[in-house]
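Q: Output the structure for:
(one chain, ligands or ions: 1)
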Amino acid sequence: MADVCVKVAVRIRPLLPKEVLHAHRVCVRVVPGSSQVMLGQQRTFSFHHAFGPEASQDEVYKECVRPLLDTLLDGYNATVFCYGQTGSGKTYTLDGGSLVEEGGLTDRVAQDLFCLLDESSEVVEYSVTLSYLELYMEELRDLLELATANKTLHIREDERGNTAKIGSRCASCQIR
Ligand SMILES: Nc1ncnc2c1ncn2[C@@H]1O[C@H](COP(=O)(O)OP(=O)(O)OP(=O)(O)O)[C@@H](O)[C@H]1O
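A: Okay, the predicted model is just below:
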């Protein structure tokens with residue numbers, strides 16, 4: 001696939017113990033040696049990256065996200081966006097599981113980013129800011145600011161591409 005600005009990776013999570021208990025079966029698998037997944041016996045779908053249930057957090061990070069750090073330090077914006085139905089593994093992928101080796105993408109990005117900044121030989125002052133948003137039912141929630149749980153957030157971009165969240169009160173908004 002050509003080099004493009006937006007890349008899509010698919011990750012198949014393992015069955016959970018309760019799913020095994022209920023005799024759920026895996027119906028999708030990665031086609032070996034490719035970045036395609038096969039649904040059932042015939043239907044294949046192509047992605048830029050495809051990870052099976054055995055893929056480690058590190059593998060996902062190194063293949064999909066680590067390359068973005070270099071471009072980030074070159075001054076480009078980079079976004080990692082997890083999308084999927086409830087229970088599909090978005091939080092696990094971003095935040096990690098319960099064990100140290102299951103640390104998610106955000107941990108790994110923070111670790112490598114600060115290492116890279118330390119190593120940087122240029123006399124440059126860096127300022128690192130972090131935002132962590134959830135988009136659910138077309139509403140945004142700031143996951144680092146619990147006080148915004150009853151606000152509707154909007155993302156605004158200025159002419160230089162800088163983004164800011166703007167909060168407005170919405171009594172009836174329903175946010176998970
Ligand atoms: N790759 C994986 N390996 C092992 N367990 C996983 C993996 N991905 C997800 N899980 C487990 O599956 C369950 C559901 O995952 P998770 O909570 O990340 O889903 P989610 O997409 O964030 O769901 P929701 O949208 O409801 O918040 C969790 O118990 C998580 O630990």
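Q: tell me which element the closest residue to E54 other than its chain neighbours falls in.
A: Counting by Cβ to Cβ, 6 or more residues apart in numbering, P14 is the residue found nearest to E54 once chain neighbours are left out, at 7.7 Å. Placement of C-beta: from N, CA and C, glycine included. In this structure, P14 is located outside every helix and strand according to DSSP states H and E.
Q: Can you give me the neighbour number for P14?
A: Counted with other Cβ atoms under 10 Å, the neighbours of P14 add up to 13.
Q: pLDDT score for it?
A: Looking at P14, its pLDDT stands at 96.
Q: Then the one 5 residues further on?
A: With respect to pLDDT, E19 scores 96.
Q: Spell out the secondary structure type for it.
A: Following DSSP: H, G, I helix; E, B strand; the rest coil, E19 is assigned to helix.
Q: Domains in the chain, by residue range?
A: In the assignment given by the TED database, the structural domains of the chain cover 1-55, 56-124, 125-175.
Q: Throw those domains into CSV and include distance to the ligand, thanks.
A: CSV is the format used below for these (distance: least, Cβ to the nearest ligand atom, whole Å):
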stretch, distance to the ligand
domain 1-55, 4
domain 56-124, 3
domain 125-175, 8
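Q: Give me the neighbour count for the closest residue to C27 other than its chain neighbours.
A: Excluding its sequence neighbours, the residue lying closest to C27 (Cβ to Cβ, 6+ apart) is G40, at 6.1 Å. For G40, the tally of surrounding residues (other Cβ under 10 Å) stands at 9.
Q: V26 versus G40, what's the distance?
A: Applying Cβ to Cβ, to the nearest Å, the value for G40 to V26 is 11 Å.
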